[in-house]
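A.B. asks: test case, fold it:
(4 chains)
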There are 2 protein chains.
Amino acid sequence: MNDAAFTHGSCKKCDTCAIHQRSFCRAASDEVLNELSRISHLREYEKGQVIVAQGDDAEIVGNVVSGIVKLTNMSMSGQQNIVGLLFPSDFFGRAFSDESRFSYEAATDVTLCCMSRHAFETFVVRHPEVEHELLLTILDELDATREWTAMTSCHTTMQRVATFLFILSRRSDGVFCDPSSRTRLPRPIIALPIGRRDIAAYLGTTPETLSRNIQTLVRQNIIRSLDTNHFEVVDMPGLIDRTGETREDLESMSGAEPLR
Amino acid sequence: MNDAAFTHGSCKKCDTCAIHQRSFCRAASDEVLNELSRISHLREYEKGQVIVAQGDDAEIVGNVVSGIVKLTNMSMSGQQNIVGLLFPSDFFGRAFSDESRFSYEAATDVTLCCMSRHAFETFVVRHPEVEHELLLTILDELDATREWTAMTSCHTTMQRVATFLFILSRRSDGVFCDPSSRTRLPRPIIALPIGRRDIAAYLGTTPETLSRNIQTLVRQNIIRSLDTNHFEVVDMPGLIDRTGETREDLESMSGAEPLR
DNA sequence: TATCGGCATTGATGCCGGTCAATCAGCGCC
DNA sequence: GGCGCTGATTGACCGGCATCAATGCCGATA
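C.D. replies: Here you go, the predicted model:
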């Protein structure tokens, strides 16, 4: 590799990294970043591959560069519960613990910036400014996880589905838009990043019920189907209303437009 | 205050603090602890009082010393969801953020070790060893939150109720036992720390359904009612069966920082 | 003690949503 | 094109749970 083009010790890999400015790495100076890049390497995983298994030593940690990683908790009854989804720039793996309490699995094809957990831990302790940024990242993840918790404790499935779609419509701006589309559509696009089965598991329901709720929103002109995995938000206030259904909403739904 | 009795710079307040060894403060040396104690103070809140409101500046952070604090999320439609419960030695408040995404409210009468968020932030950045311990605490909270998400996502109400009771039976040992009771009963005691309404909201159900499930367990001789808020576990294996989880899962869950 | 208000329990009823099953749509492959 | 496979949708059924309502229980207050 020709590092001559990068002066001041700036890191070649990280300079072109799409998520550098959004990950904890941004706290590292050029010199420190170079050190960090020496213990990290990009790695591809195919959809379905297990990155870290539950109960493992969790020897790998790092950043999601592209794709979606799902956190799952396998219960002994064979049921796989999805605990969270990790998007690009999210930190994955369990630092400072001998064993991961969850599995990390590629929900789509993913690219990860991987580090040995041990090397990462010693590195981070020697660079408090990076550890500080990592703390900020983890605090954000904690907030996000609690927001998902709030979502899943909603009583009706429709609330959870609407909330899920709403949040995705917010995240889709930069990350999910098809790069080949040269104009940005005026209305928010919902790009479902994973299959119905995974979404349903994440929302604590079944693919059938999920499908029914989505189709209900389509019939009510809240969203419009582009293809199987893409929807356009036609009526954002309506979608927001569905995230917290009132009694009137339920009655108008079952009354005017009974489930057929 | 007479600090003469405490040599080597040891901190008067913290030496007698019931949760010192379990909180992030344990990483602080005597000298640093003294500094920390200068920016912290104990404060009492009555049941129902709001400690930090959602969207607030979140000017206060600190440790729960005694009592239960509930985290609530007001949804866009105005519905209030319980996102987590904080027990003694848990960290509360949102450090390093200008605004709290959740409300912190006293679920019982509580004692908090409060610090100005700003003072805490500058203190922690100047003491990386304390910030490191804080990071470990937050990572544990993240795990616990995700485990709770797994619990609530795809279980029947009975399983959630049984899991909740089981975890409480583990925590009741030291923290919740009435200090006036002079003998420890041989069988585990479940002390419900908060009212039925809050528990039901936390479990994603209603007080009525919660009550029915508890009474079912009583009728099946799994637990025995002592008074409204105290139960005795008669048949622990039976209770574990109702959770639908394996014993190992539950053991790991009721470990260091369970149940949020 | 009598009254009141908050909370827990119990009962009756309707409906949401899980389950099982069939159908449909998309895709790769020969 | 025919075929099989996977995943999404739609339908029928019914059990579990939310809802509404009534009752019981306890503590507070005068």
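A.B. asks: any idea which helix or strand carries residue A:43?
C.D. replies: strand A:40-45 (DSSP states H and E).
A.B. asks: how about that strand: buried residues?
C.D. replies: Neighbour-count burial for strand A:40-45 flags A:40, A:45 (criterion: 16 or more other Cβ atoms under 10 Å in any protein chain shown). All C-beta spots, glycine's among them, are computed from the backbone N, C-alpha and C.
A.B. asks: partners of that strand in the sheet?
C.D. replies: Taking DSSP bridges as the criterion, strand A:40-45 sits next to strand A:110-116 (antiparallel) in its sheet.
A.B. asks: just after the partner strand, pick out the following helix or strand.
C.D. replies: Going C-terminal from strand A:110-116, and assigning secondary structure by DSSP H and E, you next hit helix A:117-126.
A.B. asks: what's that next one packed up against?
C.D. replies: When contacts are defined as 3 or more Cβ pairs under 8 Å, 6 or more residues apart in numbering or on different chains; DSSP states H and E, helix A:117-126 sits against strand A:60-66, helix A:128-152.
A.B. asks: read off the pLDDT value for residue A:100.
C.D. replies: Predicted confidence (pLDDT) for residue A:100: 88.
A.B. asks: might one say that it is in contact with residue A:51?
C.D. replies: No - shown here, residue A:100 and residue A:51 do not form a contact pair, counting by Cβ atoms under 8 Å, at 9.8 Å.
A.B. asks: thinking again about what came up before, who touches the strand holding residue A:43?
C.D. replies: By Cβ atoms under 8 Å, 6 or more residues apart in numbering or on different chains, the surrounding residues in contact with strand A:40-45 are A:13, A:51, A:62, A:65, A:67, A:106, A:109-115.
A.B. asks: the helix or strand following it near chain B at all?
C.D. replies: Heading C-terminal from strand A:40-45, the first helix or strand you meet, by DSSP H and E, is strand A:50-52. No - using Cβ under 8 Å from any Cβ of the partner chain, strand A:50-52 stays clear of chain B, with a minimum separation of 13.5 Å.
A.B. asks: so residue A:51 versus chain B, what's the distance?
C.D. replies: Between residue A:51 and chain B the computed distance is 16 Å (Cβ to the nearest Cβ, to the nearest Å).
A.B. asks: contacting residues for that residue?
C.D. replies: Listed by Cβ under 8 Å, 6+ apart, the contact set of residue A:51 reads A:45, A:60, A:69, A:92, A:104, A:105, A:106, A:112.
A.B. asks: bridged to the first one, which residues?
C.D. replies: It refers to residue A:45. In this structure, residue A:45 has beta-bridge partners residue A:110, where bridges are defined by DSSP bridges.
A.B. asks: where does pLDDT dip in chain A?
C.D. replies: Residue ranges of chain A with pLDDT under 70: A:1-12, A:75-79, A:155, A:171-186, A:244-260.
A.B. asks: domain map for it?
C.D. replies: Segmentation of chain A into domains, based on automatic domain parsing, reads A:2-144, A:155-254.
A.B. asks: buried deepest among these, which one?
C.D. replies: Neighbour counts averaged per stretch over the domains of chain A are highest for domain A:2-144, at a mean of 18; criterion: mean count of other Cβ atoms under 10 Å in any protein chain shown.
A.B. asks: just how off-centre is it within its chain?
C.D. replies: The gap between where domain A:2-144 is centred and where its chain is centred comes out at 13 Å by Cα atoms, centre = their mean, to the nearest Å.
A.B. asks: near DNA strand D, which residues of the stretch 101-250 of chain A?
C.D. replies: If contacts are counted using Cβ under 7 Å from any atom of the strand, the residues of the stretch 101-250 of chain A sitting beside DNA strand D are A:155, A:195-197, A:207-208, A:210-212, A:214-215, A:225, A:228, A:247.
A.B. asks: repeat that with 6 Å
C.D. replies: Selection of the stretch 101-250 of chain A residues close to DNA strand D by Cβ under 6 Å from any atom of the strand yields A:155, A:195, A:196, A:197, A:207, A:208, A:211, A:212, A:214, A:215, A:228.
A.B. asks: which residues in chain A form helices?
C.D. replies: For chain A, the helices identified by DSSP state H occupy A:12-15, A:30-38, A:117-126, A:128-152, A:157-175, A:196-203, A:207-219, A:236-243, A:247-256, in order along the chain.
A.B. asks: closest one to residue A:80 among these?
C.D. replies: When the helices of chain A are compared by Cβ to Cβ, helix A:196-203 sits nearest residue A:80, at 6.6 Å.
A.B. asks: is DNA strand C contacted by that closest one?
C.D. replies: No - using Cβ under 6 Å from any atom of the strand, we find that helix A:196-203 stays clear of DNA strand C, coming within 7.7 Å at best.
A.B. asks: contacts for that helix?
C.D. replies: A:70, A:80-82, A:85, A:107, A:151-152, A:157, A:160-161, A:164, A:192, A:206-207, A:209-211, B:153-154.
A.B. asks: give me the angle between that helix and helix A:128-152.
C.D. replies: Put simply, helix A:196-203 runs at 90 degrees to helix A:128-152, going by axes from the mean of the first three to the mean of the last three Cα atoms, to 10 degrees.
A.B. asks: distance from helix A:196-203 to the middle of the chain?
C.D. replies: Going by Cα atoms, centre = their mean, where helix A:196-203 is centred and where its chain is centred differ by 13 Å.
A.B. asks: against DNA strand D, how distant is the nearest residue to residue A:165 once chain neighbours are set aside?
C.D. replies: If the residues on either side of it in the chain are set aside, residue A:165 comes closest to residue A:190, at 5.3 Å by Cβ to Cβ, 6 or more residues apart in numbering or on different chains. Applying Cβ to the nearest atom of the strand, to the nearest Å, the value for residue A:190 to DNA strand D is 12 Å.
A.B. asks: cool, and residue A:232?
C.D. replies: The spacing between residue A:232 and DNA strand D, counted by Cβ to the nearest atom of the strand, is 14 Å.
A.B. asks: also residue A:129?
C.D. replies: Applying Cβ to the nearest atom of the strand, the value for residue A:129 to DNA strand D is 43 Å.
A.B. asks: what do you get for residue A:85?
C.D. replies: Plainly put, residue A:85 is 15 Å away from DNA strand D if you go by Cβ to the nearest atom of the strand.
A.B. asks: show me what contacts that residue?
C.D. replies: Residues A:68, A:69, A:70, A:71, A:107, A:193, A:194, A:202 are the ones in contact with residue A:85 under the rule Cβ under 8 Å, 6+ apart.
A.B. asks: quick one, what contacts the fifth one?
C.D. replies: Read that as residue A:107. If a contact means Cβ under 8 Å, 6+ apart, then residue A:107 has A:47, A:67, A:68, A:69, A:70, A:85, A:193, A:194, A:198 as its contacts.
A.B. asks: ok, 6 Å please
C.D. replies: A:68, A:70, A:194 (Cβ atoms under 6 Å, 6 or more residues apart in numbering or on different chains).
A.B. asks: now, which of those sits nearest DNA strand C?
C.D. replies: When those are compared for distance to DNA strand C (Cβ to the nearest atom of the strand), residue A:194 comes out closest, at 16.2 Å.
A.B. asks: circling back to that earlier point, let's have the helices and strands packed on helix A:117-126 in a markdown table, adding distance to DNA strand C.
C.D. replies: What follows is the helices and strands packed on helix A:117-126, written out as a markdown table (distance: least, Cβ to the nearest atom of the strand, whole Å):
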| stretch | distance to DNA strand C |
| --- | --- |
| strand A:60-66 | 20 |
| helix A:128-152 | 11 |
